[in-house]
Structure formats: C-alpha cells, structure tokens
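Peer 1: Show me how the following folds:
(4 chains)
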Protein chains: 2
Amino acid sequence: MTAKARRGPYVCGIDAAMDVVSGKWKSLILWELDNHGVRRFGELRRGLPGVSEKMLIQQLREMEQDGLINRQVYGEVPPKVEYSLTPDGRSLNAALAPLGDWGTARAARLTADGTLHTH
Amino acid sequence: MTAKARRGPYVCGIDAAMDVVSGKWKSLILWELDNHGVRRFGELRRGLPGVSEKMLIQQLREMEQDGLINRQVYGEVPPKVEYSLTPDGRSLNAALAPLGDWGTARAARLTADGTLHTH
DNA sequence: TGCACTACTTACCTTTCAGTAAGCATGGGA
DNA sequence: TCCCATGCTTACTGAAAGGTAAGTAGTGCA
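Peer 2: Residues are numbered from 1 along each chain as shown, chains lettered A, B, ... in the order given. Now for the predicted structure:
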C-alpha cells in the first residue's frame, strides 16, 4: 500500500477528525470547495496561494479516499477534472466552524497585544 | 530560539487554531485538564497512555506559551507542578466539541461499514 | 516544427515530528 | 550509604511531512 495506513483505532472523536483534516492544505480545500461548490484542479491551485501541484494532488487524493470529496473526470483533451464536497465533507466543514471562530478571535487578540509578528 | 517559531500570518481562523492544537497529545491534554480541573505532571502522564515524558513536557510547554494552560510550581522536594486550563484553553476545548462529535460519528460509520481495522 | 494547455507523476532533498534511553537535582526513608 | 520519588533535560535516531524541479500525454494552434 502506498497510501498512508491511517484510520487506526482512535482514542476519541477529535483523534478521528484530526486524522482526516490534518495536512497543511486540507481545511483550506474544504473551505474553497464549500464556497464555490465545484472547482477544477487549476482553479483550486490558483485559489490556494503557495500550494505545489504535488501537495494539492496528494491532499485531494487522501480526502477522496476519506470520503470528503468527489472527483469527476471528463475524458477530454486538455484534461478536465472537477472536485466537489461530499455530504461528509460539508458536515466536516460545518464542524470546523467553531474552531475557525476561536482561531479568528485568537488572532485578533494576538494582533491587539502586538504578540503577532506580521511582516 | 529553540521553541517553534509559530504564530505566523494566518490564512484563516482554522489555520490559527490548528497551529495551537496540532500535536499528537494536545487535544487529549485539553480534555484531561478540562475533566479534572487540575492535574500534576505524573497524573497527566498516567492519564495519557503511551505518551513519553519528553513529548508530554514539550506539548505542555508549547500550550503554556500559547496561553492555553497555567503551570503552577511548588518549591518542594520531590518537585510538585500543577497544570490547569486558562479561559482560552477552556474555550478552545469547547470549540473542539463539534469536531469531536463529527469524528465520533465518522468512526461509528467506519466501524459499521467494516472499513475500520480494529485489532 | 514546435509550443501551449491541463492534470498529473516522479525523483530527490530538507525540515519537522516523535520515540528511546539516559542523566540530573534534592531530600527522605531503609 | 544507597535507593526512591518527582519533574524535568539532553542526545541520538528514525519516520513522516513537505518542498523543488523536472517530466509525461494528447490535442490544438501558429
């Protein structure tokens, strides 16, 4: 097996969720897809500044395996592939919302304190 | 600087929250401290089966730096140190709850499908 | 003829994360 | 005198995550 052997026995729910959402770009992919509904590979790449093609595909593949996203291939040339969220992906994104709010509030706190190094 | 140079500019709130909660044991530490209120180092270690002393301290120190936990040292011999959550730590734990529920539901789904390898 | 477009794939390297094992300081009890 | 307990610290090692750069296929267009 080349893919990660994950889905091990989990200590708790957070564990199980983290297994699926950890990875530098996954939450952003979730967000992009939830916002736009459907996105092509190139659109996603342009929507996530700094991601490399290798990383983007890697994360998309894992998310597909984990049942978070759908991958629709059109047999055209040049190739066309569309990605969208599954119901699981959408509910995960919803479950991440409070965490996002917490993070936003924290970032605001840090900026106010001058603790954040913005450059 | 020996500590991680984190708190970089964040793309979104999830990013900021993940920066602080990623790490193999942090969510479990949060959970333990929320459950018990106050715990000594040894109690935490015994409460997190499989954690090494090195990892536990590393994560506790980072969480302290991030303002999630309080560290109370008693100048005794043998040493005695007590850890507890700050208000930020408690609110983070609350924000993690929906994610935990999602993960629990997912784990249940996987087990029902027979997709999960339990041994 | 050759270049562009798209969605990948591959090889290689660096950085980060995590685990093991050992050592340290101090005082009390056997 | 030696060992035990506690809460660390340090050095070394391996594994995993992530980054860079280049290559691939097939068609259309200049």
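Peer 1: any idea how far stretch A:19-31 is from the chain center?
Peer 2: The chain centroid and the centroid of stretch A:19-31 are separated by 3 Å under Cα atoms, centre = their mean, to the nearest Å.
Peer 1: quick one: is that stretch near DNA strand C?
Peer 2: No. Remark: stretch A:19-31 sits outside contact range of DNA strand C, by Cβ under 7 Å from any atom of the strand, the gap being at least 9.1 Å. Bear in mind the C-beta positions are built from the backbone N, C-alpha and C, glycine included.
Peer 1: Which positions in that stretch come out as buried?
Peer 2: Buried residues in stretch A:19-31, counted by 16 or more other Cβ atoms under 10 Å in any protein chain shown: A:Asp19, A:Val20, A:Val21, A:Gly23, A:Trp25, A:Lys26, A:Ser27, A:Leu28, A:Ile29, A:Leu30, A:Trp31.
Peer 1: and those near chain B, which?
Peer 2: A:Asp19, A:Val20, A:Val21, A:Ser27, A:Leu28, A:Trp31 (Cβ under 8 Å from any Cβ of the partner chain).
Peer 1: Hmm, the second one is touching A:Asn93, no?
Peer 2: No. Applying Cβ atoms under 8 Å as the test, A:Val20 and A:Asn93 come out as separate, 11.8 Å apart.
Peer 1: one step back: of the buried residues of stretch A:19-31, just say which sits nearest to A:Arg40.
Peer 2: A:Ile29 (13.0 Å; Cβ to Cβ).
Peer 1: host element of the closest one?
Peer 2: Using DSSP states H and E, A:Ile29 sits in helix A:26-36.
Peer 1: Mind exporting the C-alpha coordinates of that helix to PDB?
Peer 2: The C-alpha trace of helix A:26-36 is given here as PDB (Å, rounded to 0.1, in the frame of the first residue of the first chain):
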ATOM      1  CA  LYS A  26      -7.000  20.300   3.800                       C
ATOM      2  CA  SER A  27      -9.000  22.700   5.700                       C
ATOM      3  CA  LEU A  28      -8.400  25.400   3.000                       C
ATOM      4  CA  ILE A  29      -9.500  22.900   0.300                       C
ATOM      5  CA  LEU A  30     -12.600  22.200   2.300                       C
ATOM      6  CA  TRP A  31     -13.300  25.900   2.500                       C
ATOM      7  CA  GLU A  32     -12.700  26.600  -1.100                       C
ATOM      8  CA  LEU A  33     -14.900  23.800  -2.200                       C
ATOM      9  CA  ASP A  34     -17.700  24.800   0.200                       C
ATOM     10  CA  ASN A  35     -17.500  28.300  -1.100                       C
ATOM     11  CA  HIS A  36     -17.600  27.500  -4.800                       C
END
